[in-house]
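> I would like to see how this sequence folds:
(one chain, ligands or ions: 1)
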Amino acid sequence: MVRSLPPVIAIDGPSASGKGTVAKTVARALGFHYLDSGALYRLVALVALEAGLNIENELTIYDIALKLNAKFEDDAVHLEGRDVTDAIRSEAVSATASAVAALPTVRRALLERQRAFRKPPGLVADGRDMGSAVFPDAVLKVFLTATPEERARRRYKQLMEKGLSANMAALLQDIQERDARDSARAVAPLQKCADAVEIDTTAMAAAAAALQVVARYRQASRAP
Ligand code: DC
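Alright, predicted model coming up:
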């Protein structure tokens, strides 16, 4: 008898497209596990930064990725028992994570770790290459988009809610530059898989986008 693997829903999209919120909402609605793959790259970046390594130390960074002792609990992330939920969201870690994610050896080191999140009754996997490299057999692949202006507005609102200052024009420029960099890079570029469903969330709340994903999943898992 062939034992089938638990179903995976892969969700990708540019930064501030709302993929994290949508993916978490879908996981909760279906009672599925949730993988924030970006957090793994962020953890590798944090360890590398704290060890004073730079991106040229590829072998050492590869070793960090292999040995990462991380634990995900609800919305918290622990590294070697230390709560690093906020630390992995800093600007320095974001920049280093982007560089670390461009190292093919690091991507390889994290492959099996990501696949280990696939457990019954299913998994919602959020991140760049979820549908193309990590879970190519995902039952549903979603690519979330929104206009750069709307994504900048969402980022602005998030920063305001945290009591931080922000500038709309600078945020928009940052998003446009990041899109160009992410789409042009050689390793795991930002692009929609041929078999992914695109959902434009520009005029849609995260909850509505999540409902669409759940509906499409039910449709896809009923298909023969
Ligand atoms: O989604 P995020 O901002 O937390 O991701 C952190 C960095 O890692 C970002 O530069 C994109 C990259 N990343 C990746 O290359 N592959 C993934 N599966 C997830 C994130």
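> List the buried residues for the helix or strand hosting A180?
Secondary structure from DSSP states H and E places A180 in helix 168-184. Of the residues in helix 168-184, L171, L172, D174, I175, R178, D182 count as buried by neighbour count, 16 or more other C-beta atoms under 10 Å. For the C-beta atoms, the positions are set from N, CA and C on the backbone; glycine is no exception.
> what does stretch 11-20 give?
For stretch 11-20, a neighbour-count test (16+ other C-beta under 10 Å) marks I11, D12, G13, P14, S15, A16, S17, G18, K19, G20 as buried.
> again with stretch 154-172
R154, R155, Y156, L171, L172.
> any idea how far the ligand is from the fourth one?
Counting by C-beta to the nearest ligand atom, to the nearest Å, the gap from L171 to the ligand is 15 Å.
> Just to check, that residue is in contact with R154?
No: L171 is not in contact with R154 according to C-beta atoms under 8 Å; the separation is 9.4 Å.
> For the residue nearest to the spatial centre of the chain, which non-adjacent residue is closest in space?
Central residue of the chain (C-alpha atoms, centre = their mean): G127, 3.0 Å from the mean position. Nearest residue to G127, sequence neighbours excluded (C-beta to C-beta, 6 or more residues apart in numbering): S37, at 3.2 Å.
> ok, the closest residue to the ligand within the chain - contacts?
The chain approaches the ligand most closely through G38 (2.4 Å), counting by C-beta to the nearest ligand atom. Listed by C-beta atoms under 8 Å, 6 or more residues apart in numbering, the contact partners of G38 are A97, D126, G127, R128.
> Can you point out the helix or strand that includes the first one?
A97 is part of helix 91-100 when elements are defined by DSSP H and E.
> what does that helix rub up against?
38, 41-42, 44-46, 48-49, 55, 61, 87-88, 106, 181.
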